[in-house]
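# Task: produce atomic coordinates for the following.
(2 chains)
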Amino acid sequence: MVATIVFYALAALTVGSSCMVTFSRNIVYSTFALLGAFMGVVGLYVLLAADFVAMVQLLVYVGGILVLTIFAVMLTQGIADVTVSNRAVGLVPALAIVAVAGAVMAYAIERTPWHLAARPTPAPTTYGIGNAFLGDYVLPFEVASLVLLAALIGAIVISRHEARG
Amino acid sequence: MPGAIGLGHFLLLSLVIFSLGMVCVLTRRNAIGILMGIELILNSANINYLAFAFYGGGKYDGQIFAIFVIMLAAAEAVIGLAVVLAIYQNFKTIDVDATETLSG
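The predicted structure follows:
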C-alpha cells in the first residue's frame, strides 16, 4: 500500500532528523537537521488531509523560525565549540526520565479505546478553516493578532543593542 | 487515503518526537539548542492535533488548534531568540549554566 510506505518514509525522515537535532554535538548540524524534521512533519500533515496547515507549517516554520534560528546561531560566535553544547543533565539520567515517561504514554496510547469516526476523504480545508476563524474562533483570532504585535515589539525592545556604562 | 495506517501509528510517532525533544531540552546547555527541543515538542503536539482531527471525522477544530500552536511557536521563537541575543551581548556566552545573575 502506497500510503503505508509514504508514512514510514516520512516517519523515518522525521525521527532521523530529530535524533540528529537531539544528539549532534555541533549546534549548526542540529539546526540544519531541524529542517529535515520540519519537512517530514509537513508530509505527515498532507497525509492527514490537512493541506492548509501543511502550507502554514512550511511558511512559518521552514520559512520563518528556521531562518531566524540559523541567524541566531550564526550571530552568536563560538557556537561550534564542543564545550558550549555540553550536557547539563547527564545523558543517561535524561534518557531514563524520558524512557519512563514515554513507556507510560505508549501504554496509555495502546490501551485507550479511541472512538474513531468515519475518515473523511481528503478535500480542500481552506473554506472550512476560514469560516471557523471568522465564526466560532473570531475572538482567539483577534487575540492572536495582539499576541503577535506584542511579540514583535517585545523582540525589538529586548534585542536592541544598548550602549552600556 | 491512509488505509492501513491507524491512529496509534501517528500517536506513537508523535510520542517518539516528543521524547527526543524532551531529551534535547534536558541535555543541552546551549540556549538555542533548548529552543530547538521546544520546537520539536510543539511539532509533536501538532501531529497529535491533526491526527485526532482526521480520525475523529474531519472537523476543523483540531486544525485550528494546530494553527494557533504554530502562531504561538513563532512568537515564542522570536522572543526566545531575542532574549538569547540579549544574553549573548551581556554575558558573551549563551551557556544557560553561566547566566546566573538572577540565581541569588
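# Give me the phi and psi for the residue nearest the centre of chain A.
By CA atoms, centre = their mean, the mean C-alpha position of chain A lies nearest to residue A:38, the distance being 6.2 Å. As for residue A:38, its main-chain torsions (degrees, to the nearest 10) stand at phi -70, psi -40.
# quick one, what contacts it?
Residue A:38 makes contact with A:57, A:61-62, A:66, B:43 under the criterion CB atoms under 8 Å, 6 or more residues apart in numbering or on different chains. Yep, even glycine has a C-beta here, placed from its N, CA and C like the rest.
# again with residue A:18
By CB under 8 Å, 6+ apart, the contact list for residue A:18 reads A:33, A:37, B:16-17, B:20-21, B:40.
# I'd guess residue B:93 is in a helix, am I close?
No. Counting by DSSP: H, G, I helix; E, B strand; the rest coil, residue B:93 is not part of a helix but coil.
# What is the burial count for it?
Per other CB atoms under 10 Å in any protein chain shown, the neighbour tally for residue B:93 reads 18.
# Tell me where chain B has helices.
B:7-27, B:31-55, B:61-91 (DSSP state H).
# Check chain A too.
A:2-23, A:27-47, A:51-57, A:66-75, A:91-111, A:126-133, A:138-159.
# Compare these and say which comes out lowest on pLDDT.
Mean pLDDT is lowest for helix A:66-75 among the helices of chain A, at a mean of 84.
# Name the residues of that one that come out as buried.
Of the residues in helix A:66-75, A:66, A:68-70, A:72-73 count as buried by neighbour count, 16 or more other CB atoms under 10 Å in any protein chain shown.
# And residue B:69, how close does it get to residue A:5?
28 Å (CB to CB, to the nearest Å).
# oh sorry, the question was meant for residue B:29
Separation of residue B:29 from residue A:5 (CB to CB): 39 Å.
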